[in-house]
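Asker: pasting a predicted model and its sequence here:
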Amino acid sequence: MDLLQLAAVIVILVLLVKPLGTYIYHVFSNQPNRTDKIFGPVERLIYGLSGLKNRAEMGWRRYAVSLILTNVILVAVSYLILRIQKVLPFNPNGIDNMESTLTFNTVISFMTNTNLQHYSGETGLSYFSQMAVIMMMMFTSAATGIVAAIAFIRGLTSKGKTLGNFFSDFVKAHTRLLIPLALIITLLLVALNVPQTLSPNVQATTLEGETQQIAVGPVASLVSIKHLGTNGGGFFGVNSSHPFENPSPLTNVLEILSMWCIPAALTYTFGKFARNQKQGWVIFSTMLILFVAFLSVAYTSEIRGNPALNALGMDASEGSMEGKEVRFGVAQSALFTTVTTAATTGTVNNMHDTLTPLGGLVPLALMMLNSVFGGDGVGLMNMLMYAILAVFLAGLMVGRTPEFLGRKIEPKEMKLIAIAILAHPLIILAPTAVAFMTEFGMGAISNPGFHGISQVLYEYTSSAANNGSGFEGLGDNTTFWNISTGLVMLFGRYISIIALLAVAGSMARKQWVPETVGTFKTDNKLFVGILIGTVLIIGALTFLPVLALGPIAEHLSIR
């Protein structure tokens, strides 16, 4: 029954890839289509109000600067709102202003699509802050990642020297993709008993006669975009394990598909831009094979339970249910864990801290690879980066200048790709080492030994991958953790985006090279195998030593 559940969700995803990927292509192809009649008037109004009358094509530098400056302005406005939320409207529960370092961490977290939460949503934010800051940045950060990927795809596939217009792409990502989808998912969640209200907390009397405050609010609207935008920040502190955010197995599947569908569909969009659908299916197949492999490890580890408890003769027929919701069980918990870290969403329906060691290894490894579907847009960019690297390595083996999609790959592109590949482990491993060298870092660890190593490693990996899920058990709402993870989130988001936009700009300026007998094919099964090998080898060389100190050592110690 468990395997049938897992297979059914994967099949539904595969069926969504083509229609949604085609729709996204029509949104960003800049060719006239039927959606213009529906969304065109709204977009023209937005362009008129914002003064964007001349939306000229941009080179990669102008595109990147526009992206960064837009994000900077949104961060500044959000910081101000959180610092004065006490006096702003829609604060029926009288929540105070947020502390300065926590505000820094929060606005960086949500603007970088990370949504790492060092606060509890229902007690730390007013309704106004939840909507004007958190939900607003869930839309804008997702749109930022999507348009960066579209610009990258244009650089690799188009015959022009520009990447499009950032502001036009940014508006379309909202009006034609994220807002319509969010409205649909919100209505479905409301129909499935997820609250959507501006009323204050509900006061209830318990069976013992005590008074209890039950937090409610505009939950459904936040939950919809937190998954569609691969954001992950919960309205409640316990995220999607809360019965108001995720009340049933049906809402659980809906949330899984919501966070998975756009990253998966973008592979088909890539194939449409490349005018060779096999290219898109190669990228999707690579991601899906890696995903199923990691899901298998997570599920089998959790269904077998804790070896130490099994050795004591304790009943583990239902698997390891510690930290999991009974309404989801092992299968839907393992699937949710794998999807949320594969798609770097960060929402959780179970406590990752209580996973078995190998079960906990899966989310860590997926965030370290950061390319198995990945967040909206960014995951595709990272997998295409690995594809270019794979072609380059294959070209070196045969002594031929490598080509990808009809353009030569030369030292300039490889230097930029090296920056993106090396920056990711550097901003994970260096802060992790610093945390273990200082009392500020060591004092936050609640578990000694190997599990404590995993706690710290997970926090920085989640920040660098812009995932946002937590291993928990870590006292992270301190100046040290707020500032250090805030900086890691910044570097993790923008170094790779800028470097890969530069690669796209460089590729766009190159002359097309006609295909010959010696051209290395990148649209067949052989390349799927080479690409999987490249991702796994680079990931293992970079992260296997530190994983051996954490989850692998913990697994061996309890057997």
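Answerer: Alright, I've got the coordinates. Given the structure is predicted, the values throughout are model-derived calculations rather than measurements.
Asker: for this structure, just list every one of the strands.
Answerer: Secondary structure of the chain (DSSP state E): strands located at 202-205, 211-214, 403-404, 407-408.
Asker: all helices for the stretch 401-550 of the chain, in order.
Answerer: 411-437, 439-442, 449-464, 479-508, 525-549 (DSSP state H, counting those that start in this stretch).
Asker: contact partners of the last one?
Answerer: It refers to helix 525-549. Applying Cβ atoms under 8 Å, 6 or more residues apart in numbering, the external contacts of helix 525-549 come out as 282-283, 285-286, 289-290, 361, 364-365, 368-369, 371-372, 383, 386-387, 389-390, 393-394, 421, 425, 428-429, 432, 450, 453, 457, 521. Placement of C-beta: from N, CA and C, glycine included.
Asker: now do the shortest one
Answerer: Where contact means Cβ under 8 Å, 6+ apart, the residues beyond helix 439-442 that reach it are 434-436, 456, 478-481.
Asker: do stretch 239-253 as well
Answerer: 9, 189, 192-195, 215-216, 219, 223, 232, 234-236, 255, 325, 327-328, 332, 336, 347-351.
Asker: please name the nearest non-neighbouring residue to residue 412.
Answerer: residue 506 (5.6 Å; Cβ to Cβ, 6 or more residues apart in numbering).
Asker: and for residue 204?
Answerer: residue 212 (5.0 Å).
Asker: cool, residue 335 as well?
Answerer: residue 6 (5.7 Å).
Asker: that neighbour - how many residues pack around it?
Answerer: Residue 6: 18 surrounding residues under other Cβ atoms under 10 Å.
Asker: also residue 551?
Answerer: 27.
Asker: ok, now how distant is it from residue 117?
Answerer: Taking Cβ to Cβ, to the nearest Å as the measure, residue 551 falls 23 Å from residue 117.
Asker: would you agree residue 416 is in contact with residue 504?
Answerer: No. Applying Cβ atoms under 8 Å, one finds residue 416 not in contact with residue 504, separated by 9.7 Å.
Asker: compare these two (neighbour count), which wins?
Answerer: residue 504 (26 against 22).
Asker: my guess is that one meets residue 149, correct?
Answerer: No. Residue 504 is not in contact with residue 149 according to Cβ under 8 Å; the separation is 9.9 Å.
Asker: need the contact list for residue 106.
Answerer: Contact analysis of residue 106 by Cβ under 8 Å, 6+ apart lists 82, 98, 117-119, 133.
Asker: any of the residues you listed buried? List them.
Answerer: 82, 98, 117-119, 133 (16 or more other Cβ atoms under 10 Å).
Asker: now do the phi/psi pair for the residue lying farthest from the centre of the chain.
Answerer: Residue farthest from the centre of the chain, counting by Cα atoms, centre = their mean, is residue 209 at 43.6 Å. Backbone torsions for residue 209, taken as degrees, to the nearest 10, come to phi 90, psi 10.
Asker: please name the nearest non-neighbouring residue to residue 392.
Answerer: Among residues not flanking residue 392 along the chain, residue 402 sits closest, at 4.8 Å (Cβ to Cβ, 6+ apart).
Asker: OK, contacts around that neighbour?
Answerer: Going by Cβ under 8 Å, 6+ apart, residue 402 touches 391-392, 394-396, 408-409, 520.
Asker: of those residues, which is the nearest to residue 43?
Answerer: Comparing the contacts of residue 402 against residue 43 with Cβ to Cβ places residue 409 closest, at 36.3 Å.
Asker: number of residues surrounding the closest one?
Answerer: 21.
Asker: repeat that for residue 536.
Answerer: Residues lying near residue 536 (other Cβ under 10 Å) number 14.
Asker: tell me how far it lies from residue 345.
Answerer: Here the criterion is Cβ to Cβ. By it, residue 536 lies 22 Å from residue 345.
Asker: now swap in residue 133 and tell me
Answerer: Residue 133 is 19 Å from residue 345, where distance means Cβ to Cβ.
Asker: then residue 180?
Answerer: 20 Å.
Asker: who has more neighbours, these two?
Answerer: Using other Cβ under 10 Å as the criterion, residue 180 and residue 345 rank with residue 345 on top: 35 against 15.
Asker: the more buried one reaches residue 375, doesn't it?
Answerer: Yes. Contact criterion Cβ under 8 Å: residue 345 and residue 375 qualify, at 7.2 Å.
Asker: now for the two: what residues contact both?
Answerer: Shared contacts of residue 345 and residue 375, defined by Cβ under 8 Å, 6+ apart, comprise 230, 467.
Asker: show me which of the contacts of stretch 239-253 are buried.
Answerer: Applying 16+ other Cβ under 10 Å to the contacts of stretch 239-253 flags 9, 189, 194-195, 215-216, 219, 223, 232, 234-236, 255, 325, 328, 332, 336, 347-351 as buried.
Asker: so which of these belong to helices?
Answerer: Taking DSSP state H, the ones among these that sit in helices are 9, 189, 219, 223, 255, 332, 336.
Asker: what sits closest to residue 118 if chain neighbours are left out?
Answerer: Using Cβ to Cβ, 6+ apart and skipping the chain neighbours, the partner closest in space to residue 118 is residue 477 (4.3 Å).
Asker: and the one you found, how many neighbours?
Answerer: 17.
Asker: could you do residue 311 as well?
Answerer: For residue 311, using other Cβ under 10 Å, the count is 10.
Asker: tell me how far it lies from residue 555.
Answerer: Distance from residue 311 to residue 555, counting by Cβ to Cβ: 14 Å.
Asker: I am finished for the moment; much appreciated.
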